[in-house]
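[1] sequence first, predicted coordinates after that:
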Amino acid sequence: MAAVNPVVLIIEDEPQMRRFLRATLRAHDYQVVEAATAREGLMQAAGRNPEIVLLDLGLPDADGLEVARTLRQSTRTPIIVLSARGQERDKVAALDQGADDYLTKPFGVQELLARIRVALRHAAIPADAPPEPVFQVGDLRVDLIRRNVFRGSQEVHLTPTEYKLLAALIRHAGRVITHRQLLQEVWGMSYVEQTHYLRVYMAQLRHKLEPDPARPRLLTTEPGVGYRLREELPA
Amino acid sequence: MPRTTARMGELESGGRAAEYLAALGVVALTTTLGLVLRPYLSNVDMAMLFLLAVVIVAARTTQGPALLASVLSIAAFDFVFVPPAYTFHVYDAAYLLTFGVMLVVALVMSRLTGRIRRQADEADARARTTTRLSALNRDLAGVGTLEELVRVAADHIGRTGGGIATIHIAPRSGPRAAHDGWLAECLPADPTARAAVLWAHQHGEPAGAGAGHFGEADVLAVPLRSATGSVGMAVVRPGETRPPLTPDWPMVAALAEQTAIALERATLVAEHETARLEVEGERLRTALLSSLSHDLRTPLASIEGAASSLLQDGSTLPAEVRRDLTETILEESRRMTRLVANLLDMIRVEAGTLAVRKAWQPLEETLGVALLRLDERLKAYPVEVDLPPDLPLVPIDELLIEQVFINLLENVARYCPPGTPVSIEATPREGGIVVSVADHGPGIARGAEEAVFQKFYRAVGAEVANRTGGAGLGLTICRGIITAHGGRIWVEPTAGGGATFRFLLPSDGPPLPGKPSEAEVVLQAAAPPSV
């Protein structure tokens, strides 16, 4: 953790939810700034210059999506969207608007802290910095220079598309990436609606990289939203 | 049988005139015959000849022509044959007796034949009524719904009445019954016809064309009455080409009576069914309330208890007790979350607002999400997944099908003893794929294979379910989701014991736009790598 504790801005209208977030984040050495409305949230974001924003999508005075868009216009500050299950379309919209990740209520503390950690780490890397040459998680090792993929000591042969897909996931490692974003990065703009391409290749990739493709540990599905490549495996 | 329309009246009077003419003809013929036979016959024989003529006329016609024949016969006999011939004088008083006998014979004969003819007519009418009635009954026996019944009965009554019949059912209860509101629907526009229908309803007697009341109205209004009162009204209006109505009233009345009985029976059956459903609904609501209040209160009570005890004695409690209490809060909140999610899903299924967003995808992905979400709960149950590598993509709503897997697998955790193996398989079928989730637990009681999909159904030994927080909604939601996908779900026994839930996911939906070829992407991959 940096010498100065990072500032987290919570934009959430439910006092009980703010209370839980405040208590938890303070206990983990974050500074907490709170806002109960979209207007207040945007003011706090401009005034307090937070390192990260937790944004509830169901605000009383404005659409959370609108807040995400407005924030993204002026700052690269990571935004983590908070929403209920069943609001997948809103989540996707927020992510495609520039939000970095999301949490589905109710969520646990471990999940919350992990998302914040990943978002802060990515934000700390300058946009023009060269990527890490090697990505490693569990027994998967990807050499991004030589374009080699290994499971343990065994090299895995990927098709060019599979490799492109994996590379895109590695660029977003730890964070969710929507179907649309992945399709755009791997296949191009004109393919963003062809979700089944993505699903077919994702299944192939899992069969090559996961010990049990029906229970993926690395390449997890975010139902209705997209995929996430884990940076760390659950214990 | 009163025949009273103008047309029928004309026919009748024409018939009557012919009868009188026939009487006249017969007497004239007899007189001529008498004149021819005069040299051979005595006057007594002549009287017999005239008596025969009277009997013939009386037997074939009615009283009037018979009397005419007898008076004419007396006159002709007297004038032509009785001395002094060609005068009406009678010398021998014995002839007066002959005249009297002829008159009496005419009267008695015509009375007798009249009665016989009436009986024959009645028998004929009865036979026709019986034929029509049995035709109506035969048709009514085949109907399934009240609407069909009304249509069939209206058809029969309309044909008999010579017009187009409509049948209006009087509600047995509710505000419409009290205000005769239903009657407004069957009132014709024509004021006379309208008055006839109203009168018929108020007096419970038929009215309209040819009836005792409103005989001039161009409508037949027939109240449908059963033993328990008015069940409605049949109204016959002239057809499109406006042919005159043919009110065969006794027949119409008979059909109306039969219709009323059938209607009453049908409405009674419908009411009985409604009442049964209400009782059933009430029973369900009560079950829902008791089940919900139990399911919601139990976790809340544990959460409140644990939290308050942590707040009050937090510092004095041993660490493991504090941990225990905290875990209770966590577990019970998760249970509440599941329950509330189920209730919300149930409401969506019930309200029919389940929006299914189908997209072609591998089933493996959706199953994977469900298995990951249930990782903790299924820890004690070895789950074997067997999906063929060439399993085609299916068009499904991933969030909903995930819920189906979750509900089915949660039931395994709820009802099967720990360690029970579960196997999940999928096989391509004509028009889709069939997925099965097979456990080796207690299985489904014989005969309950359909009941398990009903709301709030819980397996026997529900205390097990109560402990683990099932509200009896999981399978109902599964069925709602699968049905919304156009598929079906059912349960079979697992070989060797246990339950196997199977569901068919049809492969209809948006067309599958073909698998991307590797070549297509190689071209793109040739671009400078962005990594």
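    The structure has been received and is ready for your questions.
[2] give me the domain ranges for chain A.
    Chain A breaks down into these domains under automatic domain parsing: A:7-124, A:134-229.
[3] quick one: distance of stretch B:316-336 to the chain centre.
    Remark: stretch B:316-336 is offset 59 Å from the chain centroid, using C-alpha atoms, centre = their mean, to the nearest Å.
[4] excluding chain neighbours, what is closest to A:Leu219?
    A:Arg206 (5.4 Å; C-beta to C-beta, 6 or more residues apart in numbering or on different chains). C-beta coordinates here come from the backbone N, C-alpha and C atoms, glycine included.
[5] who's in contact with that neighbour?
    A:Pro213, A:Pro216, A:Leu219, B:Glu364 (C-beta atoms under 8 Å, 6 or more residues apart in numbering or on different chains).
[6] how much space between A:Leu140 and A:Val156?
    9 Å (C-beta to C-beta, to the nearest Å).
[7] same check, this time on B:Thr366
    B:Thr366 sits 25 Å away from A:Val156, going by C-beta to C-beta.
[8] per the record, what domains does chain B have?
    Taken from automatic domain parsing, chain B resolves into B:6-137, B:142-268, B:353-506.
[9] the last one near chain A anywhere?
    Yes - for domain B:353-506 and chain A, the contact criterion (C-beta under 8 Å from any C-beta of the partner chain) is met by B:359-362, B:364-369, B:371-372, B:385, B:387, B:393, B:398-399, B:402.
[10] mind listing which of those residues are in strands?
    Members of the residues of domain B:353-506 next to chain A lying in strands (criterion: DSSP state E): B:Ala359, B:Trp360, B:Gln361, B:Val385.
[11] most surrounded residue in these?
    Greatest neighbour count in those, by other C-beta atoms under 10 Å in any protein chain shown, goes to B:Gln361: 23 neighbours.
[12] for that one, list the residues it contacts.
    A:Thr195, A:His196, A:Arg199, B:Leu393, B:Val394, B:Pro395, B:Ile396, B:Glu398.
[13] reformat these as TSV; add neighbour count.
    Formatted as TSV, those follow (neighbours: other C-beta atoms under 10 Å in any protein chain shown):
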residue	neighbour count
A:Thr195	17
A:His196	20
A:Arg199	22
B:Leu393	18
B:Val394	25
B:Pro395	22
B:Ile396	27
B:Glu398	21
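[14] what ranges do the strands span in the stretch 151-300 of chain B?
    Using DSSP state E, counting those that start in this stretch, the strands found in the stretch 151-300 of chain B span residues B:164-169, B:207-208, B:220-226, B:229-237.
[15] oops, could you answer that again for the stretch 351-500 of chain B instead?
    Using DSSP E, counting those that start in this stretch, strands in the stretch 351-500 of chain B cover B:359-361, B:383-386, B:394-396, B:422-429, B:432-439, B:488-493, B:499-506.
[16] looking at these, which is buried most?
    Highest mean neighbour count of the strands of the stretch 351-500 of chain B: strand B:394-396, a mean of 25 (counted as mean count of other C-beta atoms under 10 Å in any protein chain shown).
[17] now whatever helix or strand A:Gln136 lives in: buried residues?
    Per DSSP states H and E, A:Gln136 falls inside strand A:134-137. Buried residues in strand A:134-137, counted by 16 or more other C-beta atoms under 10 Å in any protein chain shown: A:Phe135, A:Val137.
[18] show residues contacting it.
    Taking contacts as C-beta under 8 Å, 6+ apart, the residues outside strand A:134-137 that touch it are A:Arg141, A:Val142, A:Asp143, A:Leu144, A:Ile170, A:Ala173, A:Leu218, A:Leu229, A:Arg230, A:Glu231, A:Glu232, A:Leu233.
[19] hmm, B:Leu49 is touching B:Thr32, no?
    No - B:Leu49 is not in contact with B:Thr32 according to C-beta atoms under 8 Å; the separation is 10.9 Å.
[20] higher neighbour count, the two?
    More neighbours surround B:Leu49 than the other of B:Leu49 and B:Thr32, with 17 against 12 (other C-beta under 10 Å).
[21] next up, the contacts around the more buried one.
    B:Thr30, B:Leu33, B:Gly34, B:Leu37, B:Leu41.
[22] mind listing what the fourth one touches?
    If you count contacts by C-beta under 8 Å, 6+ apart, B:Leu37 has them with B:Met46, B:Leu49.
[23] and B:Ser293, how many residues sit next to it?
    10.
[24] actually B:Ala260, not the one I typed
    That count, for B:Ala260 with other C-beta under 10 Å as the rule, works out to 25.
[25] what of B:Gly229?
    11.
[26] nearest residue to residue 102 in space, please, no chain neighbours.
    I'll assume chain A. Nearest one to A:Tyr102, counting by C-beta to C-beta, 6+ apart, is A:Val81 at 4.2 Å.
[27] wait, chain B was what I had in mind.
    B:Ser70 (5.2 Å).
[28] please settle this for me: is the one you found part of a helix?
    Yes - checked against DSSP: H, G, I helix; E, B strand; the rest coil, B:Ser70 lies within a helix.
[29] which ones are touching it?
    B:Val54, B:Ala58, B:Met102, B:Leu103, B:Val105, B:Ala106, B:Leu107.
[30] most neighbours among those, please name it.
    Going by other C-beta under 10 Å, B:Val54 tops the contacts of B:Ser70 with 30 neighbours.
[31] ok, it touching B:Ala66?
    Yes - B:Val54 is within contact range of B:Ala66, at 6.9 Å (criterion: C-beta under 8 Å).
[32] what do the two both touch?
    B:Ala106, B:Met109.
[33] now check stretch A:148-158, is it near chain B?
    No - using C-beta under 8 Å from any C-beta, stretch A:148-158 stays clear of chain B, coming no nearer than 11.1 Å.
[34] name the residues of that stretch that are buried.
    Residues of stretch A:148-158 classed as buried by neighbour count (16+ other C-beta under 10 Å): A:Val149, A:Val156, A:Leu158.
[35] closest one of those to B:His272?
    Minimum distance to B:His272 across the buried residues of stretch A:148-158 is 68.9 Å, recorded for A:Leu158 (C-beta to C-beta).
[36] once you drop chain neighbours, what's closest to the closest one?
    Residue nearest to A:Leu158 in three dimensions, not counting chain neighbours: A:Val149, with 5.7 Å by C-beta to C-beta, 6+ apart.
[37] distance from the helix ranked longest in chain B to the middle of the chain?
    Secondary structure of chain B per DSSP state H: the longest helix is helix B:249-313. Relative to the centre of its chain, helix B:249-313 is centred 22 Å away, using C-alpha atoms, centre = their mean.
[38] roughly how far apart are the residue nearest to A:Leu158 and chain B?
    Taking C-beta to the nearest C-beta, to the nearest Å as the measure, A:Val149 falls 12 Å from chain B.
[39] do I have it right that that residue meets A:Ala167?
    No - A:Val149 is beyond contact range of A:Ala167, at 9.9 Å (criterion: C-beta under 8 Å).
[40] thinking again about what came up before, quick one: contacts for the residue nearest to A:Leu158?
    With C-beta under 8 Å, 6+ apart, A:Val149 has these contacts: A:Leu140, A:Arg141, A:Val142, A:Asp143, A:Glu155, A:Val156, A:His157, A:Leu158, A:Tyr163, A:Leu166, A:Leu209.
[41] where do the helices sit along chain A?
    A:15-27, A:38-48, A:64-74, A:88-96, A:109-124, A:160-171, A:179-186, A:195-209.
[42] B:Arg276: which of those is closest?
    helix A:88-96 (41.6 Å).
[43] nearest to chain B, of the contacts of A:Val149?
    Set against chain B, the nearest of the contacts of A:Val149 by C-beta to the nearest C-beta is A:Tyr163 (7.9 Å).
[44] chain neighbours aside, what residue packs nearest to the closest one?
    A:Arg147 (6.4 Å).
[45] swap in B:Val197?
    B:Ala221 (4.2 Å).
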